[in-house]
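# Predicted model, plus sequence, below.
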Amino acid sequence: MTRLSEQARYQRSYRAEQKVLRKPSRDDVARVALHVMIADMLERNEDGELAALCEALVTRLVDLGFDRGAAYCRVDDLVERYADGWAPQRKPHLTTPSMVDASEI
């Protein structure tokens with residue numbers, strides 16, 4: 001087995017295990033954290049704090065290589081969605097009982 005195919009097999013196995021355990025990924029935690037922060041600022045009418053957060057997000061995204069205009073559009077879109085009451089979506093696999101007992105892993 002090549003190193004790449006072995007890595008892919010391991011990654012599939014790891015993701016399946018995390019799914020059974022219902023363990024949130026770093027992205028899941030980051031998504032929820034961003035929602036909590038923005039929703040809280042919107043609720044408290046903290047426009048200055050929200051603007052500073054958005055600017056910091058865009059700056060970090062640009063530092064990672066993303067286009068500044070596209071980053072502003074994405075962040076503004078998220079703020080608008082959260083202002084309209086939108087929340088991160090549930091993951092369908094978390095709404096059904098697990099087929100495997102987590103203690104078996």
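Arrived safely. Just so it is clear, the structure is predicted and the values come from calculations on it, not from any experiment. Numbers count the residues shown, from 1 in each chain.
# ok, now which ones touch the residue nearest to the spatial centre of the chain?
Central residue of the chain (C-alpha atoms, centre = their mean): residue 31, 3.0 Å from the mean position. Residues counted as contacts of residue 31 (C-beta atoms under 8 Å, 6 or more residues apart in numbering) are residue 88. All C-beta atoms are positioned from the backbone trio N, CA, C, and that covers glycine.
# What's the separation between it and residue 10?
25 Å (C-beta to C-beta, to the nearest Å).
# For whichever strand or helix holds residue 32, the averaged confidence score.
Using DSSP states H and E, residue 32 maps to helix 26-43. Mean pLDDT, helix 26-43: 95.
# Using CSV, list the CA coordinates for the next helix or strand after it.
The helix or strand immediately downstream of helix 26-43 is helix 47-63, counting by DSSP H and E. Taking C-alpha atoms only, helix 47-63 is exported to CSV below (Å, rounded to 0.1, in the frame of the first residue of the first chain):
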residue,chain,number,x,y,z
ASP,A,47,-21.7,47.9,16.2
GLY,A,48,-18.1,49.1,17.0
GLU,A,49,-17.1,45.7,18.4
LEU,A,50,-18.7,43.9,15.5
ALA,A,51,-17.0,46.1,13.0
ALA,A,52,-13.6,45.4,14.7
LEU,A,53,-14.3,41.7,14.7
CYS,A,54,-15.2,41.7,11.0
GLU,A,55,-12.1,43.7,10.2
ALA,A,56,-9.9,41.3,12.1
LEU,A,57,-11.6,38.3,10.4
VAL,A,58,-11.0,39.8,6.9
THR,A,59,-7.4,40.7,7.8
ARG,A,60,-6.7,37.1,8.9
LEU,A,61,-8.4,35.7,5.8
VAL,A,62,-6.3,38.0,3.6
ASP,A,63,-3.1,36.9,5.5
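# by contact count, what packs against helix 47-63?
Under the contact definition 3 or more C-beta pairs under 8 Å, 6 or more residues apart in numbering; DSSP states H and E, helix 47-63 sits against helix 26-43, helix 68-83.
# ok and the longest one relative to helix 68-83, angle-wise?
The one in question is helix 26-43. Using axes from the mean of the first three to the mean of the last three C-alpha atoms, to 10 degrees, the inter-axis angle of helix 26-43 relative to helix 68-83 is 70 degrees.
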